[in-house]
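Chemist: The sequence and its predicted three-dimensional model are supplied below.
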Amino acid sequence: MSTGKHQPKSVLDKIDANTLKLIIIAAAVIVVAAVIITTVVLVTNNGNGDPTPPGPGGAVTDGSDGTGEDDPSSESSDGPGKDDPTGATDPEPTGPDPTEVTEPPAPQYTNPLTGLETSLDISGRRPYAVMFNNIRIATPQSGISSADILFEVPVEGGITRFMGVFQDFKGSLTLGSIRSARPYFVDLAMSFDAIYIHAGGSDDAYQSLKDTGITHIDGTNGTGETFFQDQDRMHNMGYEHSLMLDVTRLDGYMEKYSLRTTHNAGFSAGLNFSEDVQRSGVACTEVDAVFNGSKSTSFSYDATTKLYNISQYGGPMMDSLTGRQVTARNVILLKVRITPISGDTAGRLRATLTGNGSGWLICDGVAESITWTRSSSTSQFVFTDSDGSVVQLSPGVTYIGLLPMSSGNVNFK
C-alpha cells in the first residue's frame, strides 16, 4: 500500500488508442474543410475567379510582374466589383471580349462590265478596248481570256477580228498580237468610254478616230512606247503578227501625256447582272455562230462551271498566256447589217450598229431570243426579251458576236 499522494489520471489516459485515432481524423477533416471554405470565399471576393489573394507575398499568376501595377487591390473602383468592400461581384460580361481584335470586313465592289465582285473600286476607271488579231496563223492570242467583254466582228478577207474590253487586266501583262482599227470597232469602244488600242487602221478608221476624238494608242503610227515585237511570233507567225502590248507601260503612258483615265460624272456601262434569273427559252449546250462560209465560232456548255467553252478553227480557242481555253458566261449573238464598202479594192466592210435588230442570249444552258437597240455611236446596246424587259446577264465574261444579216447564222445542236 503506497503512502504517496494519489495522482489523478489525464483525459488522454482514459481514451483508448482507437478512439484517439478517430479524434485525430475528425480534426484533420475539419481543417481541410476550413481550407476549402476559405479558398471559395477568396475566389468569390476576387470577382474574376483569380484564386490569388491580393496583397504582398501572393504568387503572381495573372501575368503581372508582382509590383502591384496589375494587382486589383492597388486600383480604386467607383462601383461595386472586386474592390467593393461589400464583396459584391461584377456581372458576367454579355458582349464581345473587349480585348479581342476583329478585322472589319473588306469592302466589296463590282466590276461594271462583269457584275463580279472586286476588292478595289474600279468602276470609275475608263476601260481599255484592245484589238486582237484572229487570223488563224496568229493564234493563240495572248491575254485574250482576261477580257471582260469580247467582241468578234467580221473584217475583210472572210476572217474576223476580236476587240477585248478590259476594266481589269487581271494580271495579264502581255496582250496580242495587236491589229488594226476599223470604224465600227471605234464605234463599239466609244460606247464604253474606252481607251482604244490598235496598230494602224484603214483610212476610214483614222477618219473616225479624228472625228470622234476618242483616246487611242496606236502601235503603228504612234510613239510605240507601250508596244514591243515578240521575237518568237515574228519568227513563227510573221512580222505583221508579232506586235504585242506591254500592259505595265500603260499607266506611265497615260500620265506622261495627261490622258483622261476616269469616266466623266454620270457615265454608266448600262449592263445589268443577276445570279438569280430564271432563264426561259430552249435548252442550249452546243451552238455554232456562223459568220460566213469560212469562219464560225462554237460554244460548248459546261454545267459544272456554268461557262461556255469557246472553239474556232476546228479546236479549242486557247490563251497562250494562261494555257487555258477561252470561256464566257454569257454568249450574245446579234444579227446586224454588215456590207462591203462600195469601191474599196481591199473589200473592207461597213457595219451599221445603230437602230435595232434580233439576236440570241445564250446563258446557263438556255438560249433566249432577244432584241437589240442602240440609239447612237456613243450609246450602249440595250437588250430586251420578248416582253420588252431589259435582260439580266449572269455575272461573268460576255462574248458578243456580230453576225452579218446576209451570211450569218446560228445553229443550235
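Modeler: Now that the structure is in, tell me what you want to look at.
Chemist: Centre of the chain to stretch 300-313, how far?
Modeler: When C-alpha coordinates are averaged (Cα atoms, centre = their mean, to the nearest Å), stretch 300-313 and its chain have centres 21 Å apart.
Chemist: What is the end-to-end distance of that stretch?
Modeler: End-to-end distance of stretch 300-313 (Cα to Cα, to the nearest Å): 15 Å.
Chemist: And stretch 221-229, by the same measure?
Modeler: Taking Cα to Cα as the measure, stretch 221-229 stretches 15 Å from start to finish.
Chemist: What's the mean pLDDT across it?
Modeler: Mean per-residue pLDDT for stretch 221-229: 96.
Chemist: who's in contact with it?
Modeler: Counting contacts by Cβ atoms under 8 Å, 6 or more residues apart in numbering, the residues outside stretch 221-229 that touch it are 178, 197, 199-200, 217, 219, 239, 242-246, 249-250, 253, 256. Quick note: C-beta positions are derived from backbone N, CA and C, even for glycine.
Chemist: how much space between the most centrally placed residue in the chain and F412?
Modeler: The structure's the chain has its C-alpha centroid closest to T118; by Cα atoms, centre = their mean the separation is 3.8 Å. As for T118, its distance to F412 is 34 Å (criterion: Cβ to Cβ, to the nearest Å).
Chemist: could you list every residue that touches the closest residue to S177 other than its chain neighbours?
Modeler: Across the structure, with Cβ to Cβ, 6 or more residues apart in numbering as the measure, the residue nearest S177 apart from its sequence neighbours is N133 (4.5 Å). Counting by Cβ under 8 Å, 6+ apart, N133 makes contact with Q141, R161, G176, S177, I178, R179, H241.
Chemist: between the residues you listed, which is nearest T378?
Modeler: Taking Cβ to Cβ as the measure, R161 is the one of those closest to T378, at 21.2 Å.
Chemist: hang on, that closest one in a strand?
Modeler: Yes. With DSSP: H, G, I helix; E, B strand; the rest coil as the criterion, R161 is located in a strand.
Chemist: What pLDDT does the model give K413?
Modeler: You'll see K413 listed with a pLDDT of 85.
Chemist: Give me the neighbour count for it.
Modeler: 10 (other Cβ atoms under 10 Å).
Chemist: try S298
Modeler: Neighbours of S298 under the rule other Cβ under 10 Å: 20.
Chemist: correct me, but it touches Y313?
Modeler: No. Counting by Cβ atoms under 8 Å, S298 sits too far from Y313 to count as a contact (10.0 Å).
Chemist: returning to that earlier point: residue contacts, the residue nearest to the centre of the chain?
Modeler: For T118, the set of contacting residues under the criterion of Cβ under 8 Å, 6+ apart consists of Q108, Y109, T110, N111, D168.
Chemist: now, which of those lie within strands?
Modeler: Using DSSP state E to define strands, the subset of those located there is Y109, T110.
Chemist: ok, and the most crowded of the contacts of T118?
Modeler: Tallying neighbours with other Cβ under 10 Å puts N111 at the head of those, with 22 neighbours.
Chemist: Which residues are in contact with F412?
Modeler: Going by Cβ under 8 Å, 6+ apart, F412 touches V282, C284, E286, V287, A367.
Chemist: and of the residues you listed, the nearest to N309?
Modeler: Each of the contacts of F412 was checked against N309 using Cβ to Cβ; the closest is E286, at 10.3 Å.
Chemist: Apart from its neighbours in sequence, what residue is nearest the closest one?
Modeler: Leaving aside its chain neighbours, E286 sits nearest to K413 (3.7 Å; criterion: Cβ to Cβ, 6+ apart).
Chemist: Repeat that for D168.
Modeler: In this structure, D168 finds its nearest non-sequential neighbour in I122, 5.6 Å apart by Cβ to Cβ, 6+ apart.
Chemist: residues near the one you found, how many?
Modeler: Other residues near I122 number 15, with proximity taken as other Cβ under 10 Å.
Chemist: what's near enough to touch it?
Modeler: I122 makes contact with Y109, N111, Q167, D168 under the criterion Cβ under 8 Å, 6+ apart.
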